[in-house]
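Colleague: Mind looking at a prediction? Sequence and model below.
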Amino acid sequence: MAVNGERADAVIVGARCAGSATAVALARAGRKVIAVDSARFPSPVVSTHLLWPGGLAELAGIGALERVEALGAPRLPVAAVAVPGITASGRYSPVGGVDYAMCVRRTGLDLALVETAREAGAEVREGARVVGLLRAGGGGGGSDKGDGSDKGDGSDRDGRVTGVVVRERDGRTYEIHSPVVVGADGRRSTVARLAGAGPPYLSGPDGRACYYAYFDDPHPELRPVAAQWRQGRELGTAFPCDGDLTLVLLMPPDSRAGDFRGDPGREYDRTIAELLPGLHARLAGCTRRSKVFGAAHLESFFRRSAGPGWALAGDSGHFKDPVTAQGIRDAVRFGRLLGETLAEAIGAGADDAAVDRAVAAWQRRRDRECLETFHWTARMGRADPVGPLDVEMHRALRADPALMTAFLDVYSRTVRPGQALTLRRLAGWTARALLRPGTDRYGLLRYVGVTIRELRSERHTTARLLNGTSPAGPLRGPPEAGSPEGFPADR
């Protein structure tokens with residue numbers, strides 16, 4: 001039974017990247033924030049945890065970068081991408097003064113974010129689990145019993161969300177009342193289910209699975225480099241990280257997930273040794289120091305993320321294939337923006353309508369900024385075999401440092417995917433590939449045709465959502481600097 005309730009200006013469920021960023025913004029604006037998380041930090045979580053300069057700039061924006069850098073992960077100012085016979089490397093443009101990437105293990109990263117939130121004035125309660133939502137009129141909004149008894153179809157008709165029911169590990173249960181509840185509790189969000197967020201309004205299966213482990217790294221000359229190799233349909237990366245380790249991530253086609261069942265370590269090691277010779281050479285003299293962590297059969301999506309008295313931040317509301325490493329950046333950025341938006345609305349007197357308008361406007365901004373990157377990431381994750389167009393692109397990247405930087409800046413979100421992969425460049429690479437002896441010309445032209453149709457379909461989908469068929473309403477907003485008409489600035 002719930003004991004005496006308490007009040008807060010905002011309750012945040014989940015205190016990792018999105019939740020801590022939301023809490024920081026609210027607390028710095030003088031709002032009373034309570035964040036609850038079932039974990040006790042430091043706490044591991046499956047994540048590939050690479051941050052491009054744009055992501056590190058977002059950490060700086062909430063005041064966490066110095067604390068994160070103190071964890072000891074090396075700066076990675078150089079990126080290298082390789083297909084058989086061709087390696088291109090380059091550097092990033094600075095974002096907010098940051099011109100390097102970093103790979104930071106989540107145990108340290110998440111703790112640093114929690115500490116930043118507490119320093120800002122937020123209360124973070126660890127080992128506490130939300131088991132229900134409070135509703136206007138006394139409705140409980142469902143409960144999370146862990147036995148499948150709750151179907152999670154609590155909808156707007158059940159009443160406005162007005163708080164949460166929390167259960168501590170010792171069994172003590174209590175209520176927290178608040179004008180807004182933010183779910184920042186991951187892809188399988190309890191808040192999304194209990195609030196009635198419903199199925200995604202844009203989604204698709206990811207083409208690659210993820211398996212990673214940590215290696216010791218006796219190669220100091222390679223520790224400033226984040227590197228990727230593609231061979232056939234396989235993709236592998238080596239990202240030096242904290243603890244004098246290197247994260248080695250494999251992203252095989254999702255159809256190969258069955259090969260990793262039973263003994264994932266064996267298939268992981270075999271894939272490196274037999275299918276990714278470039279990565280195998282990079283790891284000469286290295287020893288695997290951890291078990292293999294993995295995830296497969298993932299789905300990318302946009303889910304309704306704003307409703308009466310509730311919002312969904314981070315992976316709770318929007319998830320992209322990990323292949324482009326955008327998750328942490330977006331969680332921190334849109335967590336911060338949500339907190340800033342709510343702080344202003346709550347400061348106006350916690351009027352329910354003002355809060356609801358604020359979270360709806362925030363969702364529209366998130367979708368507007370993320371749609372093109374969502375589609376680009378889906379293409380990057382298709383697990384297509386390396387083909388002649390890939391080879392020509394890598395030749396061009398190797399020959400033109402400015403072009404390489406432009407492509408890297410897509411990952412930082414300071415260059416739109418469509419600004420880097422233009423139809424003119426696509427046509428030029430296609431023409432060069434067609435002239436090379438041995439090219440399967442029919443296969444290449446068919447692939448290019450499919451790619452062009454996909455690009456057109458993506459633009460159609462984006463235009464449809466921009467014009468108002470998303471649950472958030474029309475996504476169009478004021479013109480953004482550097483944004484062509486009809487497409488948002490994706491930064």
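Modeller: Yes, it's here.

Colleague: For stretch 313-327, buried residues please.
Modeller: The neighbour-count check on stretch 313-327 (16 or more other C-beta atoms under 10 Å) flags 313-327 as buried. Glycine gets a C-beta too; all of them are placed from N, C-alpha and C.

Colleague: Report the rounded mean pLDDT for stretch 6-24.
Modeller: Stretch 6-24 comes out with an average pLDDT of 97.

Colleague: How about stretch 210-222?
Modeller: 97.

Colleague: now stretch 438-453
Modeller: 89.

Colleague: Likewise for stretch 90-100?
Modeller: Stretch 90-100 comes out at a mean pLDDT of 98.

Colleague: Can you point out the buried residues in that stretch?
Modeller: For stretch 90-100, by 16+ other C-beta under 10 Å, it's 90, 92, 93, 95, 98, 100.

Colleague: Greatest separation within the residues you listed: which pair is it?
Modeller: Across the buried residues of stretch 90-100, the longest distance by C-beta to C-beta is 16.0 Å; it joins 90 and 98.

Colleague: quick one: low-confidence parts of the stretch 251-400 of the chain?
Modeller: 348-350 (pLDDT under 70).

Colleague: Tell me where it has helices.
Modeller: Using DSSP state H, counting those that start in this stretch, the helices found in the stretch 251-400 of the chain span residues 264-270, 277-282, 327-347, 352-380, 388-399.

Colleague: What number of residues are in the vicinity of the closest residue to residue 354 other than its chain neighbours?
Modeller: Using C-beta to C-beta, 6 or more residues apart in numbering and skipping residues adjacent in sequence, the residue nearest residue 354 is residue 345, 4.5 Å away. Residue 345: 23 surrounding residues under other C-beta atoms under 10 Å.

Colleague: so what pLDDT did the closest residue to residue 378 other than its chain neighbours get?
Modeller: Nearest non-adjacent residue to residue 378, counting by C-beta to C-beta, 6+ apart: residue 204, 5.9 Å away. The model reports residue 204 with a pLDDT of 93.

Colleague: and what of residue 156?
Modeller: Per-residue confidence at residue 156 stands at 49 (pLDDT).

Colleague: Residue 488 now?
Modeller: Predicted confidence (pLDDT) for residue 488: 32.

Colleague: what about stretch 49-67, distance to the chain center?
Modeller: Its chain's C-alpha centre and that of stretch 49-67 lie 13 Å apart, by C-alpha atoms, centre = their mean, to the nearest Å.

Colleague: Need the distance between the two termini of that stretch.
Modeller: End-to-end span of stretch 49-67 (C-alpha to C-alpha, to the nearest Å): 16 Å.

Colleague: Could you give the average pLDDT over that stretch?
Modeller: The average pLDDT for stretch 49-67 rounds to 98.

Colleague: Can you tell me how far residue 47 is from residue 370?
Modeller: Taking C-beta to C-beta, to the nearest Å as the measure, residue 47 falls 19 Å from residue 370.

Colleague: Surely residue 233 and residue 385 touch.
Modeller: Yes - using C-beta atoms under 8 Å, residue 233 is in contact with residue 385, at 4.8 Å.

Colleague: picking that back up, using the three-state scheme, assign the residue nearest to residue 378.
Modeller: When states are read from DSSP: H, G, I helix; E, B strand; the rest coil, the local structure at residue 204 comes out as strand.

Colleague: Quick one: residues contacting residue 114.
Modeller: Applying C-beta atoms under 8 Å, 6 or more residues apart in numbering to residue 114 gives the contacts 15, 20, 41, 124.

Colleague: Now residue 326: closest residue in space that isn't a chain neighbour?
Modeller: Using C-beta to C-beta, 6+ apart, the nearest residue to residue 326 is residue 320, at 5.3 Å.

Colleague: wait, isn't the one you found in contact with residue 376?
Modeller: No - using C-beta under 8 Å, residue 320 is not in contact with residue 376; the gap is 9.3 Å.

Colleague: Grab the most central residue of this protein for me.
Modeller: By C-alpha atoms, centre = their mean, the chain has its centre lying nearest to residue 327, at 1.1 Å.

Colleague: gap between the closest residue to residue 333 other than its chain neighbours and residue 132?
Modeller: Excluding its sequence neighbours, the residue lying closest to residue 333 (C-beta to C-beta, 6+ apart) is residue 58, at 4.7 Å. From residue 58 over to residue 132 the distance is 32 Å, taken as C-beta to C-beta.

Colleague: Show the contacting residues for the closest residue to residue 448 other than its chain neighbours.
Modeller: Distances taken as C-beta to C-beta, 6+ apart put residue 430 closest to residue 448, at 5.3 Å, once the chain neighbours are dropped. Contacts for residue 430 (C-beta under 8 Å, 6+ apart) come out as 389, 392, 444, 445, 448.

Colleague: Find the pair from those with maximum spatial separation.
Modeller: Maximum distance among the contacts of residue 430 (C-beta to C-beta): 13.8 Å, for 392 and 445.

Colleague: who's more crowded, these two?
Modeller: Between residue 392 and residue 445, residue 392 has the larger neighbour count (other C-beta under 10 Å), namely 23 against 13.

Colleague: Please report the distance of that one from residue 454.
Modeller: 19 Å.

Colleague: Repeat that for residue 300.
Modeller: For residue 300, the distance to residue 454 (C-beta to C-beta) stands at 15 Å.

Colleague: Tell me which of residue 233 and residue 385 has more neighbours.
Modeller: Taking other C-beta under 10 Å, residue 233 and residue 385 do not tie; residue 233 has more neighbours (18 against 11).

Colleague: what residues are up against that one?
Modeller: 252, 253, 383, 384, 385, 386.
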